[in-house]
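*Asks:* structure here, sequence nowhere to be found:
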């Protein structure tokens, strides 16, 4: 039996859209994501202690709407900025990566996808979601949790 057959890796992406002026929540998306093959390879290197920059350090956003697949190596239509993540451990076997798109970032884009990236820009996970129009009146909070 192979390790990837027994170790279940699951992830969820939760996006919270808040009004800038008062912090009121206007929309929440909470869905499962896909951990892509390059991400699984990075996890194997991390466990073995080999390779450089094999851990998640950033989150990328995009406008692509093609459904995610384990064979994805990039977002379909990435935009800037790529944001650094903060890391927390909400439970014994979970890690959460958090990033924010502030009111002055990604304005004018309809965001439909997000990805977790390593320090060497390797895609670990990707999620396509319902389109969210980004304007300068809203802050988007992304919380991406992976469970082992």
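*Replies:* The structure has been received and is ready for your questions. Values in this document were obtained by computation on a predicted structure and should not be read as measured data.

*Asks:* least confident secondary structure element in the chain?
*Replies:* helix 3-6 (a mean of 48; mean pLDDT, DSSP states H and E).

*Asks:* let me know the next secondary structure element after the helix ranked longest in the chain.
*Replies:* Among the segments of the chain that qualify as a helix by DSSP state H, the longest is helix 37-48. Sequence-wise, the next helix or strand downstream of helix 37-48 (DSSP states H and E) is strand 56-62.

*Asks:* about what we covered before: now for the longest helix of the chain, which elements pack on it?
*Replies:* When contacts are defined as 3 or more Cβ pairs under 8 Å, 6 or more residues apart in numbering; DSSP states H and E, helix 37-48 sits against strand 123-133. (Glycine included, C-beta is placed from N, CA and C.)

*Asks:* distance check, the nearest residue to residue 91 once chain neighbours are set aside against residue 96.
*Replies:* Leaving aside its sequence neighbours, residue 91 sits nearest to residue 147 (Cβ to Cβ, 6 or more residues apart in numbering; 7.7 Å). Distance of residue 147 to residue 96, given as Cβ to Cβ, to the nearest Å: 10 Å.

*Asks:* for residue 104, same thing?
*Replies:* Distance from residue 104 to residue 96, counting by Cβ to Cβ: 25 Å.

*Asks:* these two: which has the busier surroundings?
*Replies:* residue 96 (18 against 9; other Cβ atoms under 10 Å).

*Asks:* contact partners for that one?
*Replies:* With contact set as Cβ atoms under 8 Å, 6 or more residues apart in numbering, residue 96 has these partners: 87-90, 143-145.

*Asks:* what's the PyMOL line that selects buried ones from the residues you listed?
*Replies:* Buried subset of the contacts of residue 96, written as a PyMOL selection, criterion 16 or more other Cβ atoms under 10 Å:
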select buried, resi 143+144+145
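
*Asks:* give me the angle between the longest helix of the chain and strand 56-62.
*Replies:* 170 degrees (axes from the mean of the first three to the mean of the last three Cα atoms, to 10 degrees).

*Asks:* distance from the chain centre to helix 37-48, please.
*Replies:* Remark: helix 37-48 is offset 16 Å from the chain centroid, using Cα atoms, centre = their mean, to the nearest Å.
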